[in-house]
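My questions are about this predicted structure, shown below with the sequence.
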Amino acid sequence: MIEPLARLKFAELEQWLSSRQSAQSTLGAVEGTLEIDGRELLRLLLQEHIHRRGSVDFGDAIAVQDACGTTINYSCKRVDTRTIITMVGAIDIARTGYYSPKSEAIHPIDQQLQLPRRCYSYEVQRRTVKMAVQGPFDETIEMVRESMGIDLPKRSAEELLVDAGVDFDRFYSNRDVEQRAVDDPIIVAAVDCKGIPMVKSELVDASGKVRRGKGQKAQKKKMATVAAVFTQQPYIRTPQEVVDSLFRTAQEPKPSAHKPRCNNKRVWASLTSGKDVFIDDVVKEVMRRNRNRNKFLVVVTDGERALQQKTSRTMKNATLILDLVHALEKIWKAAYVFHEEGSTDAQLFVKNRALSILNGKVGQVVKGLRAMVTKRKLSGSKRDVLIGVSNYLYRNRSRMKYHLYLQKGLPIASGSVEGACKNLIKDRMERSGMRWTQRTAEAMVKMRATYLSGDFDDYWKFHVEQEQNRLYSVKWNQVDAK
């Protein structure tokens, strides 16, 4: 049965659809009216439904059990009204509240309806956050206005995002990955860093200096640590096949070999967690995927020493591999000492040394670069470049046994985490003019990570459950009437 106000609204809408005005309107005009008036009709139906449920009165008092196990009667009672903004509009909820001196009120209907902490319903929050992780806040606000008729302040959208991210770590620590795991023998973990542009107030250093010293550069970003963990099948190739794929021209056909896909891929990042804590999270994610200890673990990193040292300490059974792309970037620097950028000679210089490195001859490449310095009597910046490149390769030689990695079908590049840096951070957080506070940036990378990992809907259900547990943790019972 349609309630009185809703019935009147429905009749009004039905009458308008039968009127001469609507008959002379375009389809778009009729659509717009139906959307606005139809949303109001749904709001009235929802409001009447809530009204019928009453304020949930349990009598003169309720018995509440405090943290020490002591039972206290909340005997002060009054009815108030709380407004909740739903996806069809704002509704008022009458609530019977029970009080005790120096204690927060308990409203039984809040728990019965599972009301959120904020004035926006969980569905409004879910849709807003899901929009926000995909595009700028201004676009999110406009989409919320168009789809739900809600004028959402930007500040509120940011706060909803921050609230949504509070259960991120707990969700992934409790998740059983093996329930959806496929039978891949290799687990790959890749770790990298990516800068996030910050607002000026977030960039003041620990000393509190206002003016930079001589030679200091303006720092506009803070580094976030980014990780990708996934499983895959072996992908066996030869060094020549890798070189051909790296230096293939647009006219040359792509190789026919099918590259195995990444399965159960999870990407995430953190701006606030220290690297030790973040690497521990990576280890835990890997262990959740390898409870039987029967999979081969690979960790692909760039040449950052601190990251490599932390990874090697915490994942002692893992095979650490230097990202081939990072190694080749150094070779390109060496090539430009002798050849012009973009020249065929520079490409040939890199291609020949890449093939040697892939064949396990890192030592020969290092000796060759150092010999060039001596034989050509290089000095200044040219000498510094070649010595720096040769030292980099020599320092990482134990992680550059690419000929063995390829034979086992292991990955030798961190394309997954490079892609994560782009998809997770760059595409959303480095658009023109964007600057972030640490608090909002941390929430954004977390919630965008759940979205890109395909976990958003599961996470949201978990988040609502956790917030409900936090909001309504106090145990109470109705006091029996005498």
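Sure thing, it's come through.

Distance from the chain centre to whichever helix or strand F278 is part of, please.
Using DSSP states H and E, F278 falls within helix 275-288. In terms of CA atoms, centre = their mean, to the nearest Å, the centre of helix 275-288 is set 16 Å apart from its chain centre.

Check what contacts it and list those residues.
169, 172-173, 175-178, 187, 189, 191, 225, 227, 229, 266, 268, 270, 273, 297, 306-307, 310-311, 314-315 (CB atoms under 8 Å, 6 or more residues apart in numbering). Any C-beta I mention is one placed from the backbone N, CA and C, and that applies to glycine too.

So V298 sits against T319, correct?
Yes - at 5.2 Å, V298 and T319 qualify as touching, with contact defined as CB atoms under 8 Å.

what distance separates whatever helix or strand S22 lives in from the centre of its chain?
S22 belongs to helix 20-23 when assigned by DSSP H and E. Centroid displacement of helix 20-23 relative to its chain, using CA atoms, centre = their mean, is 49 Å.

Which positions in the top helix by length along the chain come out as buried?
Ranked by residue count under DSSP state H, the longest helix found in the chain is helix 27-53. For helix 27-53, burial by neighbour count (16 or more other CB atoms under 10 Å) applies to T33, D37, E40, L41, L42, R43, L44, L45, L46, Q47, E48, I50.

Can you list the neighbours in contact with the helix or strand containing T450?
Secondary structure assigned from DSSP H and E places T450 in helix 438-452. Applying CB under 8 Å, 6+ apart, the external contacts of helix 438-452 come out as 129-130, 132-134, 158, 161-162, 164-165, 168, 171, 196, 198, 202, 222, 224, 266-272, 420, 423-425, 428-429, 436, 456, 459.

Flag the shaky bits of the stretch 351-482 of the chain, pLDDT-wise.
481-482 (pLDDT under 70).

re earlier: following the longest helix of the chain, which helix or strand shows up next?
That would be, after helix 27-53 and using DSSP H and E, strand 62-65.

partners of that following strand in the sheet?
Paired strands of strand 62-65, with direction, are strand 71-74 (antiparallel), strand 475-478 (antiparallel) (DSSP bridges).

Please report how far the residue nearest to M429 when sequence neighbours are not counted lies from S103.
Excluding its sequence neighbours, the residue lying closest to M429 (CB to CB, 6 or more residues apart in numbering) is I196, at 5.5 Å. Per CB to CB, to the nearest Å, I196 is found 42 Å from S103.

ok so, going back, which residues are in contact with each of V298 and T319?
Common neighbours of V298 and T319 (CB under 8 Å, 6+ apart) are L410.

For burial, what's the neighbour tally of L410?
21 (other CB atoms under 10 Å).

need the contact list for the residue nearest to A443 when sequence neighbours are not counted.
Among residues not flanking A443 along the chain, G165 sits closest, at 3.9 Å (CB to CB, 6+ apart). The contact partners of G165, taken as CB under 8 Å, 6+ apart, are E442, A443, M444, K446, M447.

do that again at 7 Å, thanks
Residues near G165 by CB atoms under 7 Å, 6 or more residues apart in numbering: A443, K446, M447.

Same question for H326.
D302, G303.

if we can go back for a sec, more crowded one of I196 and S103?
I196 (24 against 14).

Which neighbouring elements make contact with the helix or strand where A420 lies?
Taking DSSP H and E as the criterion, A420 maps to helix 415-420. Helices and strands touching helix 415-420, by 3 or more CB pairs under 7 Å, 6 or more residues apart in numbering; DSSP states H and E, are strand 186-197, strand 221-232.

could you give the angle of the first one to helix 275-288?
Same thing as strand 186-197. Interaxial angle of strand 186-197 relative to helix 275-288 (axes from the mean of the first three to the mean of the last three CA atoms, to 10 degrees): 150 degrees.

for the last one, same thing?
An angle of 10 degrees separates the directions of strand 221-232 and helix 275-288 when computed by the same axes, to 10 degrees.

and strand 221-232, what's its mean pLDDT?
Per-residue pLDDT over strand 221-232 has a mean of 90.

Just the C-alpha atoms of the helix or strand following it, please, in CSV.
Downstream of strand 221-232, the first helix or strand assigned by DSSP H and E is helix 239-246. What follows is helix 239-246, C-alpha atoms only, in CSV (Å, rounded to 0.1, in the frame of the first residue of the first chain):
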residue,chain,number,x,y,z
PRO,A,239,68.5,-14.2,-24.3
GLN,A,240,68.2,-13.6,-28.1
GLU,A,241,64.4,-13.7,-27.9
VAL,A,242,64.4,-11.1,-25.1
VAL,A,243,66.8,-8.8,-27.0
ASP,A,244,64.6,-9.1,-30.2
SER,A,245,61.5,-8.2,-28.2
LEU,A,246,63.3,-5.2,-26.6
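
Report the buried residues of helix 239-246.
P239, V242, V243, L246.

so the second one touches L358, yeah?
Spelled out, it's V242. Yes - at 5.7 Å, V242 counts as touching L358 under the criterion of CB atoms under 7 Å.

got the contact list for A227?
A189, A190, V191, W268, V282, V417.

ok, now how distant is the fifth one from W460?
The one in question is V282. Noted for V282: a distance of 24 Å to W460, by CB to CB.

Would you map out the domains in the chain?
Using automatic domain parsing, the domain parsing of the chain gives 1-53, 54-175+455-482, 183-207+217-443.

Count the neighbours of the nearest residue to Q47 once chain neighbours are set aside for me.
For Q47, ignoring the flanking residues on the chain, the nearest one in space by CB to CB, 6+ apart is I91 at 4.7 Å. Applying other CB under 10 Å, we find 19 residues neighbouring I91.

what's the answer for the one 5 residues further on, then?
Using other CB under 10 Å, T96 has 20 neighbouring residues.

likewise R117?
12.

Surely it is within a strand?
No - counting by DSSP: H, G, I helix; E, B strand; the rest coil, R117 falls outside a strand, being coil.

relative orientation of the strand or helix carrying R95 and helix 27-53 in degrees?
Following DSSP H and E, one finds R95 within strand 89-99. Strand 89-99 runs at 20 degrees relative to helix 27-53, counting by the same axes, to 10 degrees.

what's strand 89-99 in contact with?
Outside strand 89-99, the residues that touch it by CB under 7 Å, 6+ apart are 39-40, 43, 46-47, 50, 55-57, 61-62, 74, 76-84, 105-110, 149.

If you drop the residues flanking it in sequence, what lies closest to K330?
K330 sits nearest to V389 (CB to CB, 6+ apart), 4.5 Å away.

And M148, by the same measure?
Once flanking residues are discounted, M148 sits nearest to M87: 4.8 Å by CB to CB, 6+ apart.

do L404 as well
Going by CB to CB, 6+ apart, L404 has G360 as its nearest residue, at 7.3 Å.

Wait, a helix at F462?
Yes - the assignment for F462 (three-state DSSP) places it in a helix.

What distance do you get for it to V162?
17 Å.

repeat for L471
Distance from L471 to V162, by CB to CB: 17 Å.
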